[in-house]
Every structure is written in structure tokens, then in C-alpha cells.
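Trainee: Build me a structure from this.
(one chain, ligands or ions: 1)
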Amino acid sequence: MPATANTPGLDAYWMPFTANRQFKAAPRLLAAAEGMHYQTPDGRTVLDGTAGLWCVNAGHGRREIATAVERQLTTLDFAPSFQMGHPLAFDFAERLAAVAPGGPEAGLDRVFFTGSGSESVDTALKIALAYQRAIGQGTRTRLIGRERGYHGVGFGGISVGGLVNNRRMFPLLPAVDHLRHTHDLDRNAFTKGQPAHGVELADDLERLVALHGAETIAACIVEPLAGSTGVLVPPVGYLERLREICTRHGILLVFDEVITGFGRLGAPFATDYFGVVPDLVTTAKGLTNGALPMGAVFAARRVHDALMHGPEAAIELFHGYTYSGHPAACAAGLATLDIYAREGLLTRAAALSTHWAEAVHGLRSAPHVIDIRTLGLVAGIELGSREGAPGARAYDVFVDCFERGLLVRVTGDIVALSPPLIVAAEEIDTMVSILGDALARVA
Ligand code: PLP
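Mentor: Numbering: from 1, shown residues only. I've put the predicted structure just below:
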């Protein structure tokens, strides 16, 4: 096929993070969704094993969200977000502050709105830099990320991120370094929950402090549980140690909770689940149940207040987006919080996590499986790669599952599962059964 073959109706859309030519040769389309299921245009039902892209935590087609968005769009469709406000953005920020990561004691109750996870990450990194400057630590311009981290696709996010395909094509911010990742198949394979080994990997931050000097480091950003790289659960004690080292050296700790926020692990945030409080938390996805694009950064009041100085007429943080606090997205978010609260969804994964872990670990002896990792309602199932074709086996599993009515997500040769938090125990069993069959079928 020529590089730009003409497939009527499919050409114009340059698809994100997609092998465009491969996809357009055999498209997989989703046309409708309700509850736990998608429907294809030809009427097939597909069980959603991934909450869309880790975002539809309350399940699909929630009327309450649609109604709230419609009402908002017909009342106030848009209001400028710079030097102007609208009531819903303030309401939503207050509601979020009341359920902020870590609870009231953590003080992460100042909320900056963005349009996506990537924007939340770049916003948090900028807040960290601005904070250090505001407290007289302007030499702290270095950012620390972690190998295999995914922090979206902005230049800040890919610079602190550690997925090589996101990094090799583009120039990156210069003053960035990385902790080692925590994946350790030899010591931790087939762990349910947090792996026992690897706390010492947090000491990498001490190594980077010794290498660069604490006075050059503004912030360290990690996903508390790394999702996009294929589900890496932090070793016991790791996040606690990272917190201690950051505190000791005046480095802000940023948790990227774009995936873990809003109930994924069985607590409202990973911050709550692990009981480790960072200085900034990035969110998106589950914030609006995926219904409209939106992100939010939770900042410690101390960080926020440090910037509220100088002439009152001066803009304290020279940053923001046209769509920060978009009225329709705020309406979607408020309706989403109502559903989460009413249905107990921010903690429901805790009640299901034992069944989840048992069911998914039942694939331990399935063909090709070399590791399984589970926590809350997340699972990573790692497969041995085909000789000379990394990623090919998991891709075949993904296509096979889709054809048999299950949506999974794959990264390299790792299959990730993260269903909507409304999932029933029987639906978990169905997912595992379809996936097990697919593993048995692929070469
Ligand atoms: N941060 C993390 C941890 C993510 O998992 C993602 C997306 O998967 C992002 C940031 C980027 O979010 P978005 O695609 O909304 O820009």
C-alpha cells in the first residue's frame, strides 16, 4: 500500500498514538457506549476492560453528566478564563478542595484547571519552578522524573517522562534527570499489591542530589503507580522514602495522578491509598468521567500562598489556558463528583480488589505470561516477547480480545486492564476468560 493510500472516509483524520496505516487497513470503530459496554457500528458489544483510556470510572452514558453539560451549554457556553470568572469554576474548585488528595490535613486544596493530563503536568512543573523562585530558591531549575514514567506529551511532560519513544524524536528540556524505574522481574514477579523489593531505588534521588546539588533541583515527579508503561506498582516503602528525601532537600514532590486519581486504587487518590502526601498532584481523565476534556492540579496551600505576594495588580502565575475551568467541563465534573459520592465509587475498587487479584492472577500459567501485577482495579499482564518482534504478541492479543468482545490496552508486550469502577464480579471473570482464550490462541 502506498504511504498515503486513499481509504474513503478515513484519510483526513491523523490519529493520535496510532499506527495510522495499519489501523486504516483494518479499522476498529466504537460507535456507542452504555455502562460497562461499547457497541461497534455493526452492533457488536464490547466489554470495556480499560474504562476508555483509564478515564470512564463511573461507566459510560451517564445521563446526569449529559444533562448537566447541556444545561450549562445553554446557560453559559463559554466565559473568558483570564481576569474573568464564572460561578461553576469556583464551585467545582471548592468541591474538589473538599475531597482533595490526602484529606484536609494534607492541605492540597488550591486547584488550577487545565484541559488535559499533559497540561496538568506542564502546569505542575511550572508551578514548582515558580514556587522555588518565589521563596528565593531561583537556582532550583532542574526537574527529576523517572525511567518508564509517562507524563503526557507536552515538552515538560516528555522531558521528565521516561518512555523512550516519547523522547527520541523531540528535543527535550536540558535540566532534567531521571530516577531508575522500579520494575524488577527477578525479585517481584507475580506480586499481588505492592512488591516487597525495591525501596532502595528511592535512594536514586540522593544520588542525583549528590550529582547535581540540591540547590539546582526544583521538583521530582512520579506516577505513584506507573500506568502507561504497563502497570508498575511502587515497592513497599518506596514512596515514603522519596517523600523523606524530597523534604530533606527542599525538593517539591509531584504525584502524577492522571490515572490513579478518582478511585482507581480503591481510595479517592493514590495519595490516600499510600498515605504519602506530595506537594502537587496532577489529575485529568476521571475528573469528568472522560465526558469532556479537563484536568486539574491540586497544589499545597503553602505552595500557592508563596506565590500570592507582590503588587496585588500583578498576575502571580503567568500561566493558564483558554479552556481552564471551561463551564461545560466544570458542569461535567460536578455531576461526576455527585455520582462518585452517591455510588461510593471512589472506594469501590477496594471491595473488589481481592476478587480482581485472584481472577487476574489465575492467568499465571497461561501461555506467554511472565508476570502479573495487580492493585486496586488495575492489572498489568506481561508477556514474553516474540523473537525480534517486541510488542507484536500483545498487539495480537489486543486484536483477538477486541474481536471476541473485550477492550484491553497494550504497551509493548504488556496487557493492561483498568475497567470502569462499576464493574461487576462476573464481568471481571468474563474479562479474564476472554483474555485467557486470546493468550491461548496467539502464537
Ligand atoms: N500523566 C499520566 C500519568 C497519564 O497516564 C497520562 C495519560 O495517559 C497523561 C499524563 C496525559 O494525559 P492526557 O492524554 O490527557 O494529556
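Trainee: wait, residue 418 sits on residue 380?
Mentor: No - applying CB atoms under 8 Å as the test, residue 418 and residue 380 come out as separate, 9.6 Å apart. Yep, even glycine has a C-beta here, placed from its N, CA and C like the rest.
Trainee: what about these two, which has more around it?
Mentor: Counted by other CB atoms under 10 Å, residue 418 and residue 380 do not tie: residue 418 has more neighbours, with 29 against 26.
Trainee: Next one: that one relative to the ligand, how far apart?
Mentor: 10 Å (CB to the nearest ligand atom, to the nearest Å).
Trainee: which residues touch that residue?
Mentor: 49-51, 54, 227, 259, 264, 377-379, 409 (CB atoms under 8 Å, 6 or more residues apart in numbering).
Trainee: Relative to residue 280, which of the residues you listed is nearest.
Mentor: residue 259 (16.1 Å; CB to CB).
Trainee: contacting residues around the closest residue to that closest one other than its chain neighbours?
Mentor: Excluding its sequence neighbours, the residue lying closest to residue 259 (CB to CB, 6 or more residues apart in numbering) is residue 227, at 3.9 Å. Contact partners of residue 227, counting by CB under 8 Å, 6+ apart, are 54, 150, 259-260, 378, 416, 418.
Trainee: same deal with residue 216?
Mentor: 139-142, 175.
Trainee: out of those residues, who's near the ligand?
Mentor: Among these, not one lies near the ligand by CB under 6 Å from any ligand atom.
Trainee: What is the burial count for the residue of the stretch 51-200 of the chain found nearest the ligand?
Mentor: Closest residue of the stretch 51-200 of the chain to the ligand, CB to the nearest ligand atom: residue 117 (2.2 Å). Residue 117: 30 surrounding residues under other CB under 10 Å.
Trainee: Do I have it right that it meets residue 282?
Mentor: Yes - with contacts counted by CB under 8 Å, residue 117 reaches residue 282, the gap being 6.8 Å.
Trainee: Could you name every residue contacting both of the two?
Mentor: Listed as contacting both residue 117 and residue 282 by CB under 8 Å, 6+ apart are 151, 256, 258, 295.
Trainee: Please tabulate those in TSV, including the columns secondary structure.
Mentor: Listed next are the shared contacts of residue 117 and residue 282 as TSV, based on DSSP: H, G, I helix; E, B strand; the rest coil:
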residue	secondary structure
151	coil
256	strand
258	coil
295	strand
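Trainee: May I see the ChimeraX selection of the buried members of the contacts of residue 227?
Mentor: In ChimeraX syntax, the buried subset of the contacts of residue 227 is picked out as below (16 or more other CB atoms under 10 Å):
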select :54,150,259,260,378,416,418
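Trainee: In PyMOL, how would I select the buried members of the shared contacts of residue 117 and residue 282?
Mentor: In PyMOL, a selection of the buried entries from the shared contacts of residue 117 and residue 282 looks like this (16+ other CB under 10 Å):
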select buried, resi 151+256+258+295
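Trainee: just the shared contacts of residue 117 and residue 282 that are near the ligand?
Mentor: 151, 256, 258.
Trainee: Against residue 89, how distant is the first one?
Mentor: Same thing as residue 151. 25 Å (CB to CB, to the nearest Å).
Trainee: same thing with residue 191?
Mentor: 42 Å.
Trainee: what does the chain put close to the ligand?
Mentor: So far as CB under 6 Å from any ligand atom goes, the chain lies against the ligand at 116-118, 121, 150-152, 223, 227-228, 256, 258-259, 284.
Trainee: Does the lowest-mean-pLDDT helix or strand in the chain pack against any helices or strands, and if so which?
Mentor: When each helix and strand of the chain is scored by mean pLDDT, DSSP states H and E, helix 164-167 comes last, with a mean of 86. Packing partners of helix 164-167 (3 or more CB pairs under 8 Å, 6 or more residues apart in numbering; DSSP states H and E): helix 155-160.
Trainee: Check which residues of the helix it packs on are buried.
Mentor: 156-160.
Trainee: what's near enough to touch the residue nearest to residue 360 when sequence neighbours are not counted?
Mentor: Leaving out its chain neighbours, the residue that sits closest to residue 360 by CB to CB, 6+ apart is residue 379, at 4.4 Å. By CB under 8 Å, 6+ apart, the residues touching residue 379 are 231, 356, 360, 372-373, 416-418.
Trainee: pretty sure residue 379 is in a strand, no?
Mentor: Yes - if the criterion is three-state DSSP, then residue 379 is within a strand.
Trainee: Contacts for stretch 121-138 next, please.
Mentor: 112, 114, 140-141, 143, 151-152, 154-157, 160, 215, 218-219, 221, 250, 252, 254, 256, 258, 279-282, 295, 297, 299, 303, 306-307, 309, 317, 319.
Trainee: In it, which residues are buried?
Mentor: Buried, per 16+ other CB under 10 Å, within stretch 121-138: 121-134, 137.
Trainee: Can you tell me the SS state at residue 372?
Mentor: Per three-state DSSP, residue 372 ends up strand.
Trainee: what sits opposite it in the beta ladder?
Mentor: residue 381 (DSSP bridges).
Trainee: Not counting its neighbours along the chain, what's nearest residue 294?
Mentor: Residue 294's closest residue in space is residue 329 (CB to CB, 6+ apart), at 3.9 Å.
Trainee: Now do the helix or strand where that neighbour lies: distance to the chain's middle.
Mentor: Assigned by DSSP states H and E, residue 329 belongs to helix 327-343. In terms of CA atoms, centre = their mean, to the nearest Å, the centre of helix 327-343 is found 19 Å from the chain centre.
Trainee: now stretch 147-155
Mentor: 11 Å.
Trainee: hmm, who's touching it?
Mentor: By CB under 8 Å, 6+ apart, stretch 147-155 touches 116-122, 145, 157-158, 160-163, 166, 170, 172-173, 178-181, 183, 221-223, 226-229, 232, 256, 258, 282.
Trainee: could you list every residue that touches residue 254?
Mentor: Applying CB under 8 Å, 6+ apart to residue 254 gives the contacts 124-125, 128, 219-222, 278-282.
Trainee: State whether it is indeed within a strand.
Mentor: Yes - secondary structure assignment places residue 254 in a strand (three-state DSSP).
Trainee: For it, give me the pLDDT.
Mentor: In this model, residue 254 is scored at 99, pLDDT.
Trainee: Noted, bye for now.
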